[in-house]
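*Asks:* How does the following fold in three dimensions:
(one chain, ligands or ions: 1)
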Amino acid sequence: MTKIVFIEPDGTQKTVEALEGASLMLAATMGGVEGIAAECGGNCVCATCHCLVLEGPVESLSEMGEDEKDTLEFSAEKIFENSRLTCQLEACPEMDGLVFKVVGK
Ligand code: FES
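*Replies:* Have a look, this model is predicted:
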């Protein structure tokens, strides 16, 4: 099982287990991570699953697709260099140890 760390908006750190092939948004919401509303259910529309990639095996992350870029641009309040929509990231064993900071929207 792939372990992913999320730092919630208040600074609380939570480690969740992500099933291979499932989105990191799903792993976070199932794991009770605060601050990820996932209003669109993972359809890359709402940007409420917005997180920042802080550290870990960042090379394991897929390239950002056009849909993700557009949604971040139009729906997120602010975009950072390390912004990602976690519903667009599919868990794989190589991601073990990644750390994200939750932004929400
Ligand atoms: S859950 Fe809506 S964009 Fe990710």
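*Asks:* Show the contacting residues for the one residue sitting closest to the centre of the chain.
*Replies:* Centroid check for the chain by CA atoms, centre = their mean gives residue 86 as the closest residue, at 2.6 Å. The neighbourhood of residue 86, defined by CB atoms under 8 Å, 6 or more residues apart in numbering, consists of 23, 24, 25, 28, 36, 49, 50, 51, 100. For glycine as for every other residue, the C-beta is placed from the backbone atoms N, C-alpha and C.
*Asks:* Among those, which one lies nearest to the ligand?
*Replies:* The nearest member of those to the ligand, counting by CB to the nearest ligand atom, is residue 49 at 3.5 Å.
*Asks:* thinking that closest one is in contact with residue 27, fair?
*Replies:* No: contact status for residue 49 versus residue 27: not in contact, 10.9 Å apart, counting by CB atoms under 8 Å.
*Asks:* who's more crowded, those two?
*Replies:* Neighbours were counted for residue 49 and for residue 27 using other CB atoms under 10 Å; residue 49 has more, 31 against 23.
*Asks:* Just say helix, strand or coil for the most far-flung residue of the chain relative to its centre.
*Replies:* The C-alpha centroid of the chain is most remote from residue 74, which lies 17.5 Å away (CA atoms, centre = their mean). Three-state assignment for residue 74 (DSSP: H, G, I helix; E, B strand; the rest coil): helix.
*Asks:* quick one: residue 97 and the ligand, what's the gap?
*Replies:* To the ligand, residue 97 is 22 Å away according to CB to the nearest ligand atom, to the nearest Å.
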